[in-house]
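Enquirer: Here's my sequence, what's the structure:
(one chain, ligands or ions: 1)
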Amino acid sequence: MKNLQDEKQRDLSINKSDGTNKFLTTDQGVRINDDNNSLKVGERGPSLLEDFILREKITHFDHERIPERIVHARGSGAHGFFEVSNPIPELTKAGFLQEAGLRTPVFARFSTVAGSRGSTDLARDARGFAVKFYTQDGIYDLVANNIPVFFIQDASKFPDLVHAVKPEPHNEMPQAASAHDTFWDFISLMPESMHMIMWVMSDRAIPRSYRMMEGFGVHTFRLINEAGTSSFVKFHWKPKLGTHAVAWDEAQKISGKNPDFHREDLWEAIEKGNFPEWELGIQIIPAEDEHKYEFDLLDPTKIVPEELVPVTVVGRMVLNKNPDNFFAETEQIAFHPGHVVPGIDFSNDPLLQGRLFSYTDTQLSRLGSPNFHEIPINRSIAPVYNNQRDGHMRQEINVGRVSYHPNSLGGGCPYQAKISEGGFSSFNERVDSHKVRERSESFADHFGQAKLFFNSQTPTEKSHIVKALRFELGKVETTAIRIRMLGLLSQVDTQLAEKVAIGLGATVPTVLETPLNRGVSPENEIKGQQEPRIVESSVVSSDALSMLKNPTNSATIASRKVAIICAHGVSEAAVMNMKNALVKEDAVGLIIAPHLGSVLTDTEGAIAADFSFLTASSVLFDAVYIPHGLGFSTLMKNDDVMEFLSDAYKHCKVIGADGKATELILTAPFASKISKDDGGILLTNDVANETFAKDFIAAMGDHRFWEREINLYN
Ligand code: HDD
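Expert: Sure, this is the predicted structure:
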């Protein structure tokens, strides 16, 4: 068995450059003697055009930026490997899925969709989840999202969708946000988006970490085996750490306190050896079941409920190495759903079909040349020989005189591969119909699965969806758009629509809008939309759709961060006890104090502060602990401490204190709201309580105590 991980490392290392112990040179290799002063006529005189060193440096700088991605501009990535656990040769001939234990190098990039490159990680948005597999048969890209459905059914609507969600063209506002008129105007006229809207208004759109997101290939793809038999497949990534979110108020605060929150989280986890891990699962639908379901497998606004087709795990992905250079790797990586290898093929999903054109086209303008496959991060480790030639920035030096096929001068080389030799051949599907510009009637249900999603949520999750919609539509200035949205929401769930309406001070319309009163003339309606119909899902509720009920959710607190709030006089034993207990769980306790430097302890020792209240904030941590000791009286007088605790409470996090430090909690503004059943508030007067740290960690395993919101908001 040949593991390919090392080969990719070798491949990248050819292009690595490290200036340690080296002379500074120009791009032409000439050693530079003075990099601080331009060439001038006298010390105070004008600069000389002849200064090739200055000109080269400035010219390169002037051209340093490339266009950012039109969507998914903001992202972070890492290297790793994919390892097969359950080979599936009976389903696919794809080489990288044939043998248990076979490792294929990967690079994964996670992203938000709407914001620019410098925007916050915590925007309410779908997240991209793109993985490049460097397989022995060539590059395979699984260009996925953390949401299993999409807004639109046909690629022709993609530019409209993206124009609508991007900052509005007249004033370039708002950045990285869907809460504005143009987005909701478009959505209110596109009932097919209602299923995806449920997902992006849920907490899926504000993940706690890239490491705690599921990933979905969205479209139905095909797997093809050696005999040429095809099955339909849906791809799933399931995170080892479970699927978790932050609170919306928290997300907004993180955006100010640390807009790089997800980027930093991924980077730090890998640097510390907490390698993020996902299982790759597949739902297999035999070809003969293509028309078995009440939804169309080709409709990207539909899932296949796991109750109908369970997910089978085929392997795992581990990300174990940060990029050496963000631009060279994360920015220049070029994904494409059309990068497939023999054994994987497309379905006729019209959204996927359009994507197959878009991605190469976008790389041409973003990376500037058809040679983007030669950039080290994009290079296949399977050898590349063909008759493509020249173009901007060509790296390859093709030898010989032959650049065409067929040829005799080159002995007919490079020659075509037979299917038995690994040559790619498309699935031999018979397609026999008229050319039409139409939506299939089987795509006309826009609400059935939106209902399924909503019905599958816990009361907490439903209330978060209501609040998200109140927020988003509350930012919409045009009343007619809000009302249209309430009409669409009422098709999903009447209570949902009514609750959102209360927040907007509006009433749910009793008459569903027709194309005419939607401001759209019938001839401009999208075919298939005229009579939206509701097909009730045969599955009424699915735990896999809820983050809180999700059976794969895990209680691990690995890599979680606990704020340990200290001041001079703190009990050293209490701090160390908690820190050590956290380390055993692969979590970390960080010291927050009124100032940086040393915090003096009760035993006349000193503990270094990791953060002061200026550089830390509750929203950047998963839980808070205030150890006993004399420091508590200093903390009582500190407004920052109260804000810290109030936020931790509001965001339903675990808060613990022992000894006198419990007074900080019992006198906090939220103290009267604390329910005696709140398992996330751990207070003990017994400073020798041996199980305290254990209980604290167990409570963290429940992640959030959302029941608190009932006391806070009702
Ligand atoms: Fe797309 C980027 C995922 C529909 C056109 N898309 C992009 C990325 C992801 C997705 C993860 C970022 C890749 C990276 O990290 O570099 N896109 C999706 C999913 C879709 C989808 C899951 C629906 C199921 N996309 C979609 C459509 C079109 C595009 C329908 C156009 C017709 N997407 C693009 C693009 C991007 C892109 C403009 C921007 C940068 C890039 O491709 O490389 O071509």
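
Enquirer: Every contact and neighbour count from this point should use C-alpha atoms.
Expert: Fine.

Enquirer: can you give me the helices in the stretch 451-600 of the chain?
Expert: 459-474, 479-492, 494-504, 572-584 (DSSP state H, counting those that start in this stretch).

Enquirer: Revised request: answer the last question for the stretch 1-150 of the chain.
Expert: Listed in chain order (using DSSP H, counting those that start in this stretch), the helices of the stretch 1-150 of the chain are 5-13, 52-62.

Enquirer: Let's have those in JSON lines, adding distance to Gly115, mean neighbour count and mean pLDDT.
Expert: Shown next, in JSON lines, are the helices of the stretch 1-150 of the chain (distance: least, CA to CA, whole Å; neighbours: other CA atoms under 10 Å; pLDDT from 0 to 100):
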{"stretch": "helix 5-13", "distance to Gly115": "30", "mean neighbour count": "15", "mean pLDDT": "74"}
{"stretch": "helix 52-62", "distance to Gly115": "24", "mean neighbour count": "13", "mean pLDDT": "96"}
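
Enquirer: Of those, give the one that comes closest to the ligand.
Expert: Counting by CA to the nearest ligand atom, the ligand lies closest to helix 5-13 out of those; the figure is 18.7 Å.

Enquirer: In terms of secondary structure, what does that closest one contact?
Expert: If contacts are counted by 3 or more CA pairs under 8 Å, 6 or more residues apart in numbering; DSSP states H and E, helix 5-13 sits against strand 103-112.

Enquirer: let's see it at 6 Å
Expert: Under the contact criterion of 3 or more CA pairs under 6 Å, 6 or more residues apart in numbering; DSSP states H and E, helix 5-13 touches no helix or strand at all.

Enquirer: Okay, angle between that helix and strand 103-112 too, please.
Expert: Using axes from the mean of the first three to the mean of the last three CA atoms, to 10 degrees, the interaxial angle of helix 5-13 with respect to strand 103-112 works out to 60 degrees.

Enquirer: who touches helix 5-13?
Expert: Residues external to helix 5-13 that are found in contact with it (CA atoms under 6 Å, 6 or more residues apart in numbering): 104-105, 376.

Enquirer: and if you look at stretch 643-651?
Expert: Outside of stretch 643-651, the residues that reach it under the criterion CA under 6 Å, 6+ apart are Ser618.

Enquirer: For that stretch, give the mean pLDDT please.
Expert: Within the predicted structure, the mean pLDDT of stretch 643-651 is 97.

Enquirer: Can you measure across stretch 130-148, start residue to end residue?
Expert: 13 Å (CA to CA, to the nearest Å).

Enquirer: what separates that stretch from the chain centre, distance-wise?
Expert: 14 Å (CA atoms, centre = their mean, to the nearest Å).

Enquirer: With stretch 395-411 instead?
Expert: For stretch 395-411, the gap between its own C-alpha mean and the chain's C-alpha mean amounts to 43 Å (CA atoms, centre = their mean).

Enquirer: Point me to the helix or strand that includes Trp184.
Expert: Assignment of secondary structure by DSSP states H and E places Trp184 within helix 181-188.

Enquirer: and the direction of that helix versus that of helix 459-474, what angle?
Expert: Computed by the same axes, to 10 degrees, the angle between helix 181-188 and helix 459-474 is 120 degrees.

Enquirer: so after helix 181-188, what's the next helix or strand?
Expert: Going down the chain from helix 181-188, the next helix or strand is helix 194-200, by DSSP H and E.

Enquirer: ok, residues contacting that following helix?
Expert: The list of residues contacting helix 194-200 from outside it, by CA under 6 Å, 6+ apart, reads 149-151, 450.

Enquirer: Output the contacting helices and strands for the helix holding Trp184.
Expert: Applying 3+ CA pairs under 6 Å, 6+ apart, one finds that helix 181-188 contacts helix 158-165, helix 479-492.

Enquirer: how about that helix as PDB, C-alpha atoms only?
Expert: These are the backbone C-alpha positions of helix 181-188, laid out as PDB (Å, rounded to 0.1, in the frame of the first residue of the first chain):
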ATOM      1  CA  ASP A 181     -33.200  44.800   2.000                       C
ATOM      2  CA  THR A 182     -31.800  43.400  -1.200                       C
ATOM      3  CA  PHE A 183     -31.100  39.900   0.300                       C
ATOM      4  CA  TRP A 184     -34.600  39.600   1.700                       C
ATOM      5  CA  ASP A 185     -36.200  41.100  -1.300                       C
ATOM      6  CA  PHE A 186     -34.700  38.400  -3.500                       C
ATOM      7  CA  ILE A 187     -35.500  35.600  -0.900                       C
ATOM      8  CA  SER A 188     -39.100  36.800  -0.500                       C
END
